[in-house]
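Participant: Predicted coordinates and the sequence they were generated for:
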Amino acid sequence: MRFDTQLIHAGEPETRVRGAVVLPIFQSSTYASESGAGYHDLRYLRLSNSPNHEVLHAKLAALEGGEAAVVTASGMAAISTALLALLRSGDHMLAQRCLYGGTHALVTQDLPALGIETTFVDADDPAAWAAALRPNTRAFYCESLTNPTLELGDLPGIAAFARNHGLVSVIDSTFASPVNLRPIEHGFDLVVHSATKYLNGHSDIVAGAVIGRAELVARVRHKLDHLGGSLDPHACFLLHRGLKTLGVRVRHQNQTALTLARWLVEHPAVAHVNYPGLPTHPHHGRAQGLLAGFGGMLSFELRGGADAVGRFLDAVALAIDAPSLGGPETLVSSPARTSHVGLEPGMRRALGIGDGLIRLSVGLEDAADLIADLGRALVGSTRAPAVDATDDDAPADPSRTTR
Ligand code: PLP
């Protein structure tokens, strides 16, 4: 089966439940034991072995080209459980700089408290990886496209380096989704996802997934059984439903994001656009080789800095000022005010996250309507605030529409 067919048919039960085309929700916490069954045959929701879990595990493994998969209660449950399954006190890990904020906090706050140390490295600098290696280094953790500057590290290089040095390579591929990148084909051992984003794609659940070599996924499952971060069957059902349209959604988002990036780069209110589909992106050549599509995420710097960001976010009408990504609604956010607010400003700027940066998760709306909306907001972002807001003679600002 090819990818789009796998989305619909991979992992589906051979016998349909009472003929139902869609697998029903098995909302039962426990299952009657069959005669002669042993302890390891028990079915219980925390053990992630309901029919709703099993179909997802098989489908996700097929989509990423992995041997096995397990779904989790959130993306952070996938990441924390995977790392705790791989690492123990006294171990060391290499990690790409500029990780998702929640992962950064886990790695810099929680893991050190358990005796697990991390060295952050440039994902483009193999000499730095070798220099940071220690006898107790066990894993190399990176992301497919970084948030919010959309950097694309030397991913095949990382996987090969990990293999050559006996490390487990783990990649958070949330931003790319398996439509645009299948990291296991490039040598990665484990792929983690916030399934909250593209995999589900409808902004209505929080979920995660870990996919990869069977022996490693079994270790993650075992840890998940202990830590308890299993996914509820109703959320499994929604993720299963969302996955079926992953291909059409992401390809549409790829196309709209490229259209918007090309338009934004020409806009006078925009200083800079980060999108791997643009020839100006530092990793454009690598992106052309590695990615099937450049993705639905982009970011851009407003010439007017932090003040312009406030005016822009107030002025958008279709796009919603909200965190998260990968859903049908176009979302905008200011990383300096939200996802990366915890970083010291100098560090933020060093990572390319200026106060004027806007992150955009492109939804499924028509590109022309998004351009009209963002265009109005960009014009609004360049306007100085009215001196007297109660002045009836002041010209109406057409960009200030209700959300
Ligand atoms: N990884 C990435 C790249 C993310 O953007 C997020 C959330 O924004 C996560 C992981 C965490 O996922 P969740 O919110 O589902 O726990």
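Facilitator: Happy to help now that I have it.
Participant: hmm, stretch 206-217 in reach of the ligand?
Facilitator: Yes: among the residues of stretch 206-217, 206, 208 lie within reach of the ligand under CB under 6 Å from any ligand atom. Backbone N, C-alpha and C define where each C-beta goes, glycine included.
Participant: In PDB, list the C-alpha atoms belonging to that stretch.
Facilitator: The C-alpha trace of stretch 206-217 is given here as PDB (Å, rounded to 0.1, in the frame of the first residue of the first chain):
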ATOM      1  CA  VAL A 206      -4.000  16.300  22.900                       C
ATOM      2  CA  ALA A 207      -2.000  13.100  22.100                       C
ATOM      3  CA  GLY A 208       1.400  11.700  21.300                       C
ATOM      4  CA  ALA A 209       3.100   8.800  19.600                       C
ATOM      5  CA  VAL A 210       6.500   7.000  19.700                       C
ATOM      6  CA  ILE A 211       7.400   4.900  16.600                       C
ATOM      7  CA  GLY A 212      10.500   2.800  15.700                       C
ATOM      8  CA  ARG A 213      12.400  -0.400  16.300                       C
ATOM      9  CA  ALA A 214      10.200  -3.000  18.100                       C
ATOM     10  CA  GLU A 215      12.700  -3.600  20.900                       C
ATOM     11  CA  LEU A 216      12.900   0.200  21.700                       C
ATOM     12  CA  VAL A 217       9.100   0.700  21.400                       C
END
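Participant: List the buried residues in it.
Facilitator: Buried residues in stretch 206-217, counted by 16 or more other CB atoms under 10 Å: 206-213, 216-217.
Participant: same thing with stretch 56-72?
Facilitator: For stretch 56-72, burial by neighbour count (16+ other CB under 10 Å) applies to 56-66, 68-72.
Participant: what residues are up against the closest residue to the ligand within the stretch 51-200 of the chain?
Facilitator: Closest residue of the stretch 51-200 of the chain to the ligand, CB to the nearest ligand atom: residue 75 (2.4 Å). Under the criterion of CB atoms under 8 Å, 6 or more residues apart in numbering, the contact list for residue 75 reads 102, 172, 174, 192-197, 206-208.
Participant: Among the buried residues of stretch 206-217, which pair sits farthest apart?
Facilitator: Greatest spatial distance in those: 206 and 213, 25.9 Å, computed using CB to CB.
Participant: Tell me the pLDDT of the most centrally placed residue in the chain.
Facilitator: Residue closest to the average C-alpha location in the chain (CA atoms, centre = their mean): residue 174, at 2.6 Å. Residue 174 carries a pLDDT value of 98.
Participant: what helix or strand is it on?
Facilitator: Under DSSP states H and E, no helix or strand contains residue 174.
Participant: Any residues of this protein in contact with the ligand? List them.
Facilitator: By CB under 6 Å from any ligand atom, the residues of the chain that approach the ligand are 74-76, 100, 102, 143, 147, 172, 174-175, 194, 196, 206, 208, 324.
Participant: Only the buried residues of the longest helix along the chain, if you could.
Facilitator: Looking across the chain with DSSP state H, the single longest helix is helix 246-264. By 16+ other CB under 10 Å, the buried positions in helix 246-264 come out as 246-247, 249-261, 263-264.
Participant: what secondary structure does the closest residue to the ligand within the stretch 251-400 of the chain sit in?
Facilitator: Using CB to the nearest ligand atom, residue 324 is the residue of the stretch 251-400 of the chain that sits closest to the ligand, at 5.9 Å. Here residue 324 is recorded as coil under DSSP: H, G, I helix; E, B strand; the rest coil.
Participant: do the one 4 residues further on as well
Facilitator: Following three-state DSSP, the label given to residue 328 is coil.
Participant: For it, which non-adjacent residue is closest in space?
Facilitator: residue 364 (4.3 Å; CB to CB, 6 or more residues apart in numbering).
Participant: State the helix or strand in which that neighbour lies.
Facilitator: Here residue 364 is assigned to no helix or strand, by DSSP H and E.
Participant: Then the one 10 residues further on?
Facilitator: Counting by DSSP H and E, the element that carries residue 374 is helix 367-381.
Participant: Could you pull up phi and psi at residue 298?
Facilitator: phi -150, psi 170 (degrees, to the nearest 10).
Participant: who's it bridged to?
Facilitator: Beta bridges link residue 298 to residue 360, judged by DSSP bridges.
Participant: how many other residues sit next to it?
Facilitator: By other CB atoms under 10 Å, the residues close to residue 298 number 26.
Participant: quick thing: my sequence starts at 41, can you match it?
Facilitator: Will do, 41 is the new start, and the previous item becomes residue 338.
Participant: mind listing what it touches?
Facilitator: Residue 338 touches 190, 297, 300-301, 304, 313-315, 399-400, 402, counting by CB under 8 Å, 6+ apart.
Participant: mind redoing it with 7 Å?
Facilitator: Going by CB atoms under 7 Å, 6 or more residues apart in numbering, residue 338 touches 190, 297, 300-301, 313-315, 400.
Participant: Any chance of CSV for these, columns pLDDT?
Facilitator: Formatted as CSV, the contacts of residue 338 follow (pLDDT from 0 to 100):
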residue, pLDDT
190, 96
297, 98
300, 98
301, 98
313, 97
314, 97
315, 98
400, 98
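Participant: Tell me which two in the residues you listed are the farthest apart.
Facilitator: 190 and 300 (13.1 Å).
Participant: on that earlier part again, which strands and helices sit next to the longest helix of the chain?
Facilitator: The contact analysis (3 or more CB pairs under 7 Å, 6 or more residues apart in numbering; DSSP states H and E) places helix 286-304 against helix 43-49, helix 217-220, strand 310-314, strand 337-342, helix 407-421.
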